[in-house]
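Engineer: Structural data only, the sequence is not supplied:
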């Protein structure tokens, strides 16, 4: 009979400072960020790289990891580790955060990307339901479906109106999300 309350994790709004408005990206390559340790199986980094290799449309893929002794085929550049400020700048230059985790606690990277004007393509991992709305601010793909994930990414590369609509939805979600200070105040209550 106890009432359970949830306090959402806050975001450092001073670091992940949302743009006032989104730029319209009509002709550039689709810019995709994959983040995580490829040695940790449940992060899905290898599966994300497989999906981008199966894409047909032009793209630029940035893999963010501190690990260098792995196959990074599919990535155009490998960077990291990065500070929070450097991640914010990377998200701001990107269109899509591709995160194919199998297990998460706080599913943070897509939400941080939302704050900087990027949308996401994710699996229905625990935590995504807190803020990802399929077709509104991101795309949710099936488990173990690299071809379907590649098709979703190809769709975003071709349909720039959809990409912009999802990025705008992501930014609207971010603007309604609590800061660390707000989340702390809710916890105190």
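Structural biologist: Thanks, I have it. All values reported here derive from a predicted model rather than from experimental measurement.
Engineer: And the helices in this structure, which stretches?
Structural biologist: Taking DSSP state H, the helices of the chain run over residues 45-53, 84-93, 108-115, 146-158, 160-176, 180-188.
Engineer: Which of those has the lowest mean pLDDT?
Structural biologist: Looking at these, the lowest mean pLDDT belongs to helix 180-188 (a mean of 94).
Engineer: Would you mark the buried spots in it?
Structural biologist: residue 183 (16 or more other C-beta atoms under 10 Å). (Glycine included, C-beta is placed from N, CA and C.)
Engineer: And for stretch 107-127?
Structural biologist: The neighbour-count check on stretch 107-127 (16+ other C-beta under 10 Å) flags 107, 109-123, 125, 127 as buried.
Engineer: Residue 184 and residue 8 touch, don't they?
Structural biologist: No - applying C-beta atoms under 8 Å, one finds residue 184 not in contact with residue 8, separated by 11.5 Å.
Engineer: Is it possible to get CSV of the helices of the chain that adds distance to residue 66?
Structural biologist: Listed next are those as CSV, based on distance: least, C-beta to C-beta, whole Å:
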stretch, distance to residue 66
helix 45-53, 12
helix 84-93, 12
helix 108-115, 15
helix 146-158, 24
helix 160-176, 26
helix 180-188, 24
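Engineer: what's the most buried one of these?
Structural biologist: Comparing the helices of the chain by mean neighbour count (mean count of other C-beta atoms under 10 Å), helix 108-115 ranks first with a mean of 24.
Engineer: Quick check: which of the helices of the chain is nearest to residue 38?
Structural biologist: Residue 38 sits nearest to helix 45-53 of all the helices of the chain, at 4.2 Å, using C-beta to C-beta.
Engineer: and the closest one, how far from the chain's centre?
Structural biologist: In terms of C-alpha atoms, centre = their mean, to the nearest Å, the centre of helix 45-53 is found 14 Å from the chain centre.
Engineer: hmm, who's touching it?
Structural biologist: With C-beta atoms under 8 Å, 6 or more residues apart in numbering as the test, helix 45-53 has contacts from 32, 34, 36-38, 59, 61, 63, 65, 71-75, 98-100, 144, 146-147, 149-150, 153.
Engineer: Okay, angle between that helix and helix 146-158 too, please.
Structural biologist: Taking axes from the mean of the first three to the mean of the last three C-alpha atoms, to 10 degrees, one finds helix 45-53 and helix 146-158 inclined to each other by 50 degrees.
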